[in-house]
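**Student:** got a structure for you, letters missing:
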Ligand SMILES: C[S@@+](CC[C@H](N)C(=O)[O-])C[C@H]1O[C@@H](n2cnc3c(N)ncnc32)[C@H](O)[C@@H]1O
């Protein structure tokens with residue numbers, strides 16, 4: 001049932017942003033061989049993230065496999081990798097203070113090894129002497145000339161606990177409460193300011209959010225409507241049905257990729273918040289025809305998979321648009337066997353692409369490219385990679401895609417604008433500006449009405465902001481718009 005229309009990959013993957021870590025970084029074998037596969041796997045993951053702009057969640061499974069790490073060793077390597085990446089900014093301040101030099105003046109291989117070592121000393125139950133010795137061994141292996149330096153720095157770090165270091169390197173709580181919180185909770189200050197603003201200025205709640213960002217999130221599955229039932233799926237995988245989405249299952253442990261339910265397309269991995277905002281578009285009432293659904297930014301296909309499964313149940317058809325070819329292929333996989341057409345084109349070409357006629361759709365999802373600040377807990381490195389300068393090009397694209405969606409939907413139809421970011425500039429500002437500039441007659445629909453009855457913490461409407469610390473979901477934003485004429 002699924003068809004695919006290919007196109008150019010005009011919006012090719014964004015160019016890599018090389019930070020100063022890109023200058024170097026060595027794998028093992030430069031000096032003494034390492035005898036600690038778990039720490040070496042974590043080190044190599046850090047190296048790939050900092051030198052090659054890799055994503056830890058993509059690169060680590062392969063490193064664990066190559067090293068033959070399973071069970072507790074794999075869990076330890078994972079904890080070291082994710083924890084070190086999350087805490088990087090604060091660890092760097094502590095390392096710089098202990099080394100008495102700017103972090104940029106420490107060679108990348110030694111720097112990553114020290115980050116791993118400092119994380120163990122300050123955040124884990126690994127005894128300090130073991131953390132110091134294993135770090136020096138690691139530096140011997142990857143940057144032999146820096147072993148003495150690493151030994152001295154690690155010993156200095158191990159002289160104090162985390163609170164004592166925070167008192168030394170963080171701004172004082174009285175003078176700069178946001179700066180203090182940022183260092184104590186391992187987030188860049190500009191992100192803490194943005195979160196606080198989105199939470200109405202409530203610093204105590206912001207602290208809860210930052211804390212939730214630092215917790216290892218559960219894996220959520222989506223039981224595909226018509227193919228699986230959430231309660232049966234939860235039983236089958238040893239998980240729990242979700243608190244809010246009727247399709248959600250919280251996976252207790254294990255690797256989701258190994259589950260037969262995933263391999264056979266009965267379920268897919270998807271944060272519960274993503275399930276809620278996608279299904280809210282379909283559950284909101286509209287008058288008249290309701291068969292032509294459009295997902296304007298579909299790659300890699302999580303929401304398209306859910307929408308296409310719902311389309312199969314409700315006699316609708318999904319057009320799933322994605323600008324990059326490799327992501328369009330992922331969408332095609334996600335909707336295989338379901339009533340969907342995948343179109344590889346720019347979503348802004350509504351009216352000029354034959355697959356995207358003006359007024360040709362009853363429901364349109366715009367899950368726009370964004371900073372992803374709402375899923376920091378799932379992407380440990382991204383909080384230190386993102387910059388405020390990412391916002392202007394993203395918000396421009398967001399507004400253009402919303403405008404395209406408003407042109408694609410028929411009068412009376414609905415558009416859902418979704419971001420995986422709570423940054424007000426990407427949420428409220430993008431959507432109100434796009435509506436204002438569109439010149440079309442558009443009204444905001446109360447999105448809370450399309451979420452499960454009794455769901456707490458949804459604010460005053462009409463838009464909805466989900467939160468990790470309130471709902472256990474990623475911080476997804478949802479605005480529902482009805483085109484009146
Ligand atoms: C936030 S992601 C969408 C996630 C997706 N809805 C899901 O649930 O898996 C945004 C997607 O929009 C794509 N994109 C970026 N610019 C686009 C454009 N001009 N037209 C269509 N897709 C675009 C990106 O390549 C990316 O795959």
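**Tutor:** Arrived safely, thanks for sending. Everything numeric here is computed off the predicted structure, so don't read it as measured data.

**Student:** element containing residue 167, please.
**Tutor:** In this assignment (DSSP states H and E), residue 167 forms part of helix 162-169.

**Student:** now for that helix, which elements pack on it?
**Tutor:** Packing contacts for helix 162-169, counted by 3 or more C-beta pairs under 8 Å, 6 or more residues apart in numbering; DSSP states H and E, involve helix 88-99, helix 108-123, helix 177-184. Bear in mind the C-beta positions are built from the backbone N, C-alpha and C, glycine included.

**Student:** Select, out of the ones you listed, the one closest to the ligand.
**Tutor:** Smallest distance to the ligand across the helices and strands packed on helix 162-169 (C-beta to the nearest ligand atom): 24.0 Å, for helix 88-99.

**Student:** buried ones in that closest one?
**Tutor:** 88-99 (16 or more other C-beta atoms under 10 Å).

**Student:** ok so, going back, identify whichever of the helices and strands packed on helix 162-169 lies nearest to residue 145.
**Tutor:** Proximity to residue 145 (C-beta to C-beta) singles out helix 108-123 among the helices and strands packed on helix 162-169, at 8.7 Å.

**Student:** Report the angle between that closest one and helix 88-99.
**Tutor:** Helix 108-123 runs at 100 degrees relative to helix 88-99, counting by axes from the mean of the first three to the mean of the last three C-alpha atoms, to 10 degrees.

**Student:** tell me, how many neighbours does residue 172 end up with?
**Tutor:** Residues lying near residue 172 (other C-beta atoms under 10 Å) number 10.

**Student:** which non-adjacent residue is nearest it?
**Tutor:** residue 180 (6.5 Å; C-beta to C-beta, 6 or more residues apart in numbering).

**Student:** where exactly do the strands run in this protein?
**Tutor:** 3-5, 219-223, 240-241, 248-251, 267-269, 292-295, 317-322, 340-344, 361-367, 409-419, 442-445, 464-465, 477-483 (DSSP state E).

**Student:** domains of this structure?
**Tutor:** 31-163, 180-214, 219-269, 272-483 (automatic domain parsing).

**Student:** Format those domains as JSON lines; extra columns: mean pLDDT and distance to the ligand.
**Tutor:** Putting the domains of the chain into JSON lines (pLDDT from 0 to 100; distance: least, C-beta to the nearest ligand atom, whole Å) gives the following:
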{"stretch": "domain 31-163", "mean pLDDT": "95", "distance to the ligand": "14"}
{"stretch": "domain 180-214", "mean pLDDT": "98", "distance to the ligand": "18"}
{"stretch": "domain 219-269", "mean pLDDT": "94", "distance to the ligand": "10"}
{"stretch": "domain 272-483", "mean pLDDT": "98", "distance to the ligand": "3"}
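
**Student:** TSV please, covering these and showing distance to residue 172.
**Tutor:** Supplementary listing: the domains of the chain in TSV, determined by distance: least, C-beta to C-beta, whole Å:
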stretch	distance to residue 172
domain 31-163	14
domain 180-214	7
domain 219-269	39
domain 272-483	23
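
**Student:** Pull the distance from stretch 152-171 to the chain's centre.
**Tutor:** 30 Å (C-alpha atoms, centre = their mean, to the nearest Å).

**Student:** what's the nearest residue to residue 192 if we skip its chain neighbours?
**Tutor:** Excluding the flanking residues, the one nearest residue 192 by C-beta to C-beta, 6+ apart is residue 182, at 4.5 Å.

**Student:** wait, doesn't the one you found sit right on residue 188?
**Tutor:** Yes: between residue 182 and residue 188 a contact is recorded at 6.4 Å, counting by C-beta atoms under 8 Å.

**Student:** which one of those two has more residues nearby?
**Tutor:** residue 182 (23 against 17).

**Student:** show me what contacts that one?
**Tutor:** Counting by C-beta atoms under 8 Å, 6 or more residues apart in numbering, residue 182 touches 188-189, 191-192.

**Student:** Select from these the one having the most neighbours.
**Tutor:** In terms of neighbours by other C-beta under 10 Å, these top out with residue 192 at 23 neighbours.

**Student:** Now do that residue against residue 198, distance only.
**Tutor:** Counting by C-beta to C-beta, to the nearest Å, the gap from residue 192 to residue 198 is 11 Å.

**Student:** Name the residues contacting each of those two.
**Tutor:** Common neighbours of residue 192 and residue 198 (C-beta under 8 Å, 6+ apart) do not exist.

**Student:** one step back: in a markdown table: the buried residues of helix 88-99, plus distance to residue 374.
**Tutor:** Output for those, formatted as a markdown table (distance: C-beta to C-beta, whole Å):
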| residue | distance to residue 374 |
| --- | --- |
| 88 | 20 |
| 89 | 19 |
| 90 | 21 |
| 91 | 24 |
| 92 | 24 |
| 93 | 26 |
| 94 | 28 |
| 95 | 29 |
| 96 | 30 |
| 97 | 32 |
| 98 | 34 |
| 99 | 35 |
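
**Student:** Just the closest of the residues you listed to residue 171, please.
**Tutor:** Checking the buried residues of helix 88-99 against residue 171 with C-beta to C-beta, the nearest one is residue 93 at 10.7 Å.

**Student:** Just give the closest residue to the closest one, not the sequence neighbours.
**Tutor:** Using C-beta to C-beta, 6+ apart, the nearest residue to residue 93 is residue 169, at 4.3 Å.

**Student:** my read: the one you found touches residue 94, true?
**Tutor:** Yes: under the criterion of C-beta under 8 Å, residue 169 makes contact with residue 94 at 5.8 Å.

**Student:** Contacts only, for the nearest residue to residue 380 once chain neighbours are set aside.
**Tutor:** Take residue 380 and drop its neighbours on the chain: the residue closest to it by C-beta to C-beta, 6+ apart is residue 85, 3.8 Å away. Residue 85 sits next to 46, 49, 56, 380-381, 384 when contact means C-beta under 8 Å, 6+ apart.

**Student:** would you list these in TSV and tack on neighbour count and distance to residue 213?
**Tutor:** As requested, the contacts of residue 85 are exported to TSV (neighbours: other C-beta atoms under 10 Å; distance: C-beta to C-beta, whole Å):
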residue	neighbour count	distance to residue 213
46	29	19
49	26	17
56	23	15
380	26	10
381	23	13
384	21	13
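
**Student:** Give me the subset of those residues that lies in helices.
**Tutor:** Counting by DSSP state H, those place 46, 49, 56, 384 in helices.

**Student:** Go ahead and confirm the third one touches residue 381.
**Tutor:** Pointing back at residue 56 there. Yes: counting by C-beta under 8 Å, residue 56 touches residue 381, with 5.7 Å between them.

**Student:** Right, I'll call it a day here.
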